[in-house]
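1. The amino acid sequence is not available; the structure is as follows:
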Ligand SMILES: [Zn+2]
Ligand SMILES: [Zn+2]
């Protein structure tokens with residue numbers, strides 16, 4: 001719809017892929033599992049779990065690529081610059097949106113940390129968000 005305003009926009013490093021978020025910002029959650037560490041290249045990823053109706057691609061969907069492990073765990077990224085990009089949750093109802101892909105510094109609330117049991121010793125969690133050994137309990141990452 002023309003004239004829609006987004007509460008945040010984002011995209012990849014080369015600018016080919018762009019997206020917008022509507023209504024309200026979901027909180028940012030960190031996953032410290034070994035897969036998210038590899039995909040992010042650092043101690044955890046930082047992701048917003050966004051209801052699908054609040055997410056919109058603005059450009060570059062044809063530049064998206066996806067890699068899936070044998071277990072079906074997957075990651076989406078820009079084919080040109082390699083940045084992690086949003087991808088649908090397994091049930092397709094929501095989108096995982098990398099927080100670092102957002103433009104500027106939107107005022108994100110903190111959801112917490114999952115798979116802290118997999119966290120390497122060189123990562124120190126310095127905030128007071130909730131921490132879960134593996135998956136968060138139902139609802140903890142909502143919003
Ligand atoms: Zn790109
Ligand atoms: Zn993870």
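-> Yes, it's here. Note that the coordinates shown come from a computational prediction; the quantities given were computed from them, not determined experimentally. Ligands and ions are numbered 1, 2, ... in the order given.
2. Could you use CA atoms for every contact and neighbour count after this?
-> OK.
3. got the buried residues for stretch 52-63?
-> Using 16 or more other CA atoms under 10 Å as the test for burial, stretch 52-63 gives 52, 54, 55, 60.
4. which bits of the protein sit near ligand 2?
-> Taking CA under 5 Å from the ion as the contact definition, the chain meets ligand 2 at 31, 33, 36.
5. neighbours around residue 117, how many?
-> When neighbours are counted by other CA atoms under 10 Å, residue 117 registers 12.
6. In three-state terms, label it for me.
-> helix (DSSP: H, G, I helix; E, B strand; the rest coil).
7. residue contacts, it?
-> 32, 132, 133, 134 (CA atoms under 8 Å, 6 or more residues apart in numbering).
8. could you say what helices and strands the biggest strand by length in the chain packs with?
-> As assigned by DSSP state E, the longest strand anywhere in the chain is strand 45-51. Other helices and strands packing on strand 45-51, by 3 or more CA pairs under 8 Å, 6 or more residues apart in numbering; DSSP states H and E, are strand 28-31, helix 34-40, strand 94-98.
9. can you put these in a markdown table and add mean pLDDT?
-> A markdown table is the format used below for the helices and strands packed on strand 45-51 (pLDDT from 0 to 100):
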| stretch | mean pLDDT |
| --- | --- |
| strand 28-31 | 97 |
| helix 34-40 | 95 |
| strand 94-98 | 98 |
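10. Of these, which is nearest residue 123?
-> When the helices and strands packed on strand 45-51 are compared by CA to CA, helix 34-40 sits nearest residue 123, at 11.0 Å.
11. and that closest one, what other elements does it pack with?
-> With contacts defined as 3+ CA pairs under 8 Å, 6+ apart, helix 34-40 has these neighbours: strand 45-51.
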